[in-house]
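Asks: coordinates only, sequence not included:
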């Protein structure tokens, strides 16, 4: 392969990989105005959320964000999803066991750090915590 061909292939590959990661993050919010975050709780309180950060694209209008615990014997604590800094950007929290929702007014761009708080549903109560981000575009 000629030297110039290798350069084109590398640039094309990088662009292709970049497009996949962008489309995956944006796919978590649908055009109808709802966003989905999957929460997994593993051994030793290892919590992960997908995606992190949650990229909330335009247009600027309210979107409902739903977190769902998809794996683990846990449910959301009463303060299941709580924002680290006071903000008026989110309203109407709703906790229902393994689901937690907030309405994102989506009126301002920025990163909003939050905590995920879960409690065990098995005999030995345990509480766990993680701090991911919502990124309003």
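Replies: Here it is on my side, so go on. Note that the coordinates shown come from a computational prediction; the quantities given were computed from them, not determined experimentally.

Asks: what about this protein, any weak spots by pLDDT?
Replies: Applying pLDDT under 70 to the chain flags the ranges 1-27, 125, 128.

Asks: which residues in it form helices?
Replies: 3-26 (DSSP state H).

Asks: What are the boundaries of the strands in it?
Replies: With DSSP state E as the definition, the chain shows strands at residue ranges 34-41, 47-50, 54-56, 63-71, 74-83, 90-96, 99-104, 110-120, 127-130, 133-136.

Asks: mind listing what the residue nearest to residue 61 when sequence neighbours are not counted touches?
Replies: Closest residue to residue 61 apart from its sequence neighbours, by Cβ to Cβ, 6 or more residues apart in numbering: residue 106 at 6.1 Å. C-beta coordinates here come from the backbone N, C-alpha and C atoms, glycine included. Each residue near residue 106 by Cβ atoms under 8 Å, 6 or more residues apart in numbering is listed here: 56, 60-63, 89, 136.

Asks: how does it look with 10 Å?
Replies: Applying Cβ atoms under 10 Å, 6 or more residues apart in numbering, we find residue 106 in contact with 29, 33, 35, 56-63, 65, 89-90, 134, 136-137.

Asks: circling back: for the strands of the chain, give me JSON lines that also has mean neighbour count.
Replies: Formatted as JSON lines, those follow (neighbours: other Cβ atoms under 10 Å):
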{"stretch": "strand 34-41", "mean neighbour count": "19"}
{"stretch": "strand 47-50", "mean neighbour count": "16"}
{"stretch": "strand 54-56", "mean neighbour count": "21"}
{"stretch": "strand 63-71", "mean neighbour count": "18"}
{"stretch": "strand 74-83", "mean neighbour count": "18"}
{"stretch": "strand 90-96", "mean neighbour count": "14"}
{"stretch": "strand 99-104", "mean neighbour count": "20"}
{"stretch": "strand 110-120", "mean neighbour count": "17"}
{"stretch": "strand 127-130", "mean neighbour count": "15"}
{"stretch": "strand 133-136", "mean neighbour count": "19"}
